[in-house]
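>>> Compute the structure for the input listed below.
(2 chains)
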Amino acid sequence: MADSKRAKRSSIDGDSFQDSKRLKMANGGGNATTDPKYNKYLAHQYEDDQNQNGFQSPLDQFQRHQTTAIQASNAEDSDLNPWTNKPHSQRYFGILKSRRDLPVSKQRQEFLDMYHSTQILVFVGETGSGKTTQVPQYVLYDELPHQTGKLIACTQPRRVAAMSVAQRVANELDVELGEEVGYSIRFENRTGPKTMLKYMTDGQLLREAMHDHEMSRYSTIILDEAHERTLATDILMALLKQIAERRKDLKIIVMSATLDAQKFQTYFFNAPLLAVPGRTFPVEIFYTPEPERDYLEASVRTVLQIHASEPDGDILLFLTGEEEIEDACRRINLEVDDMIRESEVGPLKVYPLYGTLPPAQQQRIFDKAPEPLKKGGRPGRKCIIATNIAETSLTIDGIVYVVDPGFSKQKIYNPRTRVESLLVSPISKASAQQRAGRAGRTRPGKCFRLYTEKAFKKELIEQTYPEILRSNLANTVLELKKLGVEDLVHFDLMDPPAPETMMRALEELNYLACLDDDGELTNLGSLASEFPLDPSLAVMLISSPEFYCSNEMLSITSLLSVPQIWVRPNNARKRADEMKALFAHPDGDHLTLLNAYHAYKGTEQGGGDIKQWCHEHFLSFRHLSSADNVRDQLKRIMETHDIELVSTPFQDKSYYINIRRALLAGFFMQVAMRESSNSKVYKTVKDDQMVMIHPSTVVSSPYDWVVYNEFVLTTKNYVRTVTNIRPEWLLEIAPVYYDVDSFEKGEIKSALTRISEKIRRRQAMKGGQ
DNA sequence: GAGCACTGC
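Residues are numbered from 1 along each chain as shown, chains lettered A, B, ... in the order given. Purely as a prediction, here's the structure:
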């Protein structure tokens, strides 16, 4: 059994296996199997005899960590691609010319000098400096990965960025994407044995580090967009700080927007700083003289004023969420129609933009601004009303006017109640600057801030709090343990989270048996960390074979890790609810999700038009197919670790009971009891919080005990996605947590006491027989 | 009888 495990493991880590092989060969092994000539992965270097006998790559003259910008430029200028020995294409020289015009290009030597002199380097550059595409290539020409067999990694917070930048750099280097330059993101690894430069998401690098604590595959790690301070970036920074002490051969570059450069330097042992100017146009800032009472109303008014009185150029308005955005779109459209009737204004096309919008509709923001209404009339313009998505993820060229009311929805975490929620909050100065910058990408622009200058200076915080200070850290703590971080208290995070948040996470993991009483990782914890899931979901999934329903729990887990599959358009709510009722299971929402998924799979396998079917049934095809993707990934992980995939026969009475019980193996801490019969109010177990069941539930008759997937704090306290359970299961499945003596006096304690006595009596009777 | 800001594994 141990052997079969090992065999499976090596196939999964196939990548690194090949790398170590390559490394040996590059160092010149002796026998036939390690001789480069016999290595098919290096075949490209020996394609023709001329290369072997006569051709000298310019790189042969390079001394690692002693190269110069001129050397590299000459190599780039040569007819043959020094990395492939193939002739450079025409397109290559075209791109090369534009690369040399980038601001960063002038500082290549300065960069190399600094890179040679230090292990860690902080690099700041504004948008348009070219740092994301150029710096990794500068490193490539100095690291010479073909000699060392080690890779250069460049991390990005988002998948699309990793993919598109990798493609761009592959073009710039005149190589095929996935060969010398590749990318690695969840669900897609486009790297190969020849890959030297790898773009990846920060989360992906963190995953890799779990199995390679030294990050030994890499000679250089470049953290890009570090100022965004994602959870993964923060953990990587602290981790790299430790690794840098152990691995003096590892070089680290932290790239960020200009703000806060000092903080990064100080954090990284006073690392030297290189700053590169950006290439943007000036943006004039306007403030309101008095604070605005209703920012939505003020936003609409400002957009209309710009349209009526400013020269042509598109408008970008930042609002906080879907509802607000749709509302503003309606109001602006109405007003513009009036304006066009009354005065000589051009047409205005309004586009909403938020994350849950289908991609096709998101794409429409790139449509051209509308034509004048009549020949020679005033030019049309477009107005995009967006969430924060337009602040980081999406850049739209042609924006000249930005309207910034100064708010965004932000995740906050309350460790006392263990609830993450979204709250409309004032943005930070850094955010405000980022927003304003969106107006100056193609020509000088204007930014209208709907707050006073005094408010900007005095009331806005400098930086948005990093994610690590605003999240439940159960997952993070588990990851850190798996990453080999022994001492969490002294783990040197740039912004250490509140001790209470840390304690909560440790406590939660201890109840889940992922950490033992000494805070050490258990086998279950180690296994749970293999899954890209929250610990409770991972534990639920790992435990599911004990309940004879791991196939079903695999589906439910996947459905719970994607956005809601239920579609409920405003103009067809009733129809949507009727359709959802078709899948309803009387025992709750988890089972209803499963029913919908089974129907979806049945239709798909029956060869029906699955998109049409989803549309008719008000289900999101996008989210269901992404759940399917997640399911495949989780299934592979289960198979790798010999977690059985089993089902209770559908005809069996206990089919659904087993599933409901299995839910509790991970979610026993998320249980609520009804206050009293005829009441709609519930109380959460141990936290004693008053909650209601979210109105989206399919269950009509209220149950006494429910397990819930999430706690949402909106107009009221709601628990969402709930399923009916029996209290005796709690005592049986999670006896440690449901140690009745540990409960505070109250209804829940008395109820549990009654139940445990009943169980004891029943057992005594059985024993007496 | 309500509503998912945005990422990521």
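>>> tell me the secondary structure for the residue of the stretch 501-650 of chain A found nearest DNA strand B?
Going by Cβ to the nearest atom of the strand, DNA strand B is nearest to A:Q564 of the stretch 501-650 of chain A, at 2.3 Å. (C-beta placed from N, C-alpha, C; glycine too.) What DSSP: H, G, I helix; E, B strand; the rest coil gives for A:Q564 is coil.
>>> Leaving out chain neighbours, which residue sits closest to it?
A:H623 (7.0 Å; Cβ to Cβ, 6 or more residues apart in numbering).
>>> A:E284: neighbour count?
A:E284: 12 surrounding residues under other Cβ atoms under 10 Å.
>>> Could you tell me the phi and psi values at A:L273?
Main-chain dihedrals, A:L273, degrees, to the nearest 10: phi -120, psi 140.
>>> what do you get for A:V419?
Main-chain torsions, A:V419, degrees, to the nearest 10: phi -120, psi 130.
>>> give me every residue that touches it.
A:Y413, A:F711, A:L713 (Cβ atoms under 8 Å, 6 or more residues apart in numbering).
>>> Show me the beta-bridge partners of the residue nearest to A:G321 when sequence neighbours are not counted.
Leaving aside its chain neighbours, A:G321 sits nearest to A:K409 (5.7 Å; criterion: Cβ to Cβ, 6+ apart). With DSSP bridges as the criterion, A:K409 is bridged to A:V424.
>>> what sits against A:K409?
Residues near A:K409 by Cβ under 8 Å, 6+ apart: A:T320, A:G321, A:T387, A:N388, A:L422, A:L423, A:V424, A:S425.
>>> Report the two of those residues separated the most.
A:T387 and A:L423 (14.3 Å; Cβ to Cβ).
>>> what's the pLDDT at the closest residue to DNA strand B within the stretch 301-450 of chain A?
When scored by Cβ to the nearest atom of the strand, the stretch 301-450 of chain A has A:G355 as its residue closest to DNA strand B, at 2.3 Å. At A:G355, the model reports a pLDDT of 82.
>>> If we ignore the residues flanking it in sequence, what's nearest it?
A:G355's closest residue in space is A:I389 (Cβ to Cβ, 6+ apart), at 5.4 Å.
>>> And A:A226, by the same measure?
With Cβ to Cβ, 6+ apart as the criterion, A:A226 has its nearest non-adjacent residue at 4.4 Å, and that residue is A:S256.
>>> what separates that neighbour from A:N85, distance-wise?
Here A:S256 is placed at a distance of 36 Å from A:N85 (Cβ to Cβ, to the nearest Å).
>>> neighbour-wise, which of those two wins?
A:S256 (23 against 16).
>>> Report the buried residues of stretch A:727-736.
A:P727, A:E728, A:W729, A:L730, A:L731, A:I733, A:A734 (16 or more other Cβ atoms under 10 Å).
>>> pLDDT weak spots in the stretch 1-150 of chain A?
Scanning the stretch 1-150 of chain A for pLDDT under 70 picks out the ranges A:1-55.
>>> next structured bit after the helix or strand hosting A:A153?
Applying DSSP states H and E as the criterion places A:A153 in strand A:151-156. Where DSSP H and E defines the elements, the next helix or strand beyond strand A:151-156 is helix A:159-172.
>>> wait, does the helix or strand that that next one is followed by make contact with DNA strand B?
Downstream of helix A:159-172, the next assigned helix or strand under DSSP H and E is strand A:181-185. Yes. Applying Cβ under 7 Å from any atom of the strand, one finds strand A:181-185 in contact with DNA strand B at A:I185.
>>> what sits up against the helix or strand that strand A:181-185 is followed by?
Per DSSP H and E, the first helix or strand lying C-terminal to strand A:181-185 is strand A:188-190. Applying Cβ under 8 Å, 6+ apart, the contact partners of strand A:188-190 are A:D15, A:M163, A:A166, A:L177, A:G178, A:G182, A:Y183, A:S184.
>>> With only the CA atoms kept, save the strand holding A:A153 in CSV.
Extracted in CSV, the C-alpha atoms of strand A:151-156 (Å, rounded to 0.1, in the frame of the first residue of the first chain):
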residue,chain,number,x,y,z
LEU,A,151,13.3,28.3,-12.6
ILE,A,152,12.4,31.9,-12.2
ALA,A,153,8.9,32.4,-10.7
CYS,A,154,6.8,35.5,-11.0
THR,A,155,3.6,35.6,-9.0
GLN,A,156,0.4,37.5,-9.7
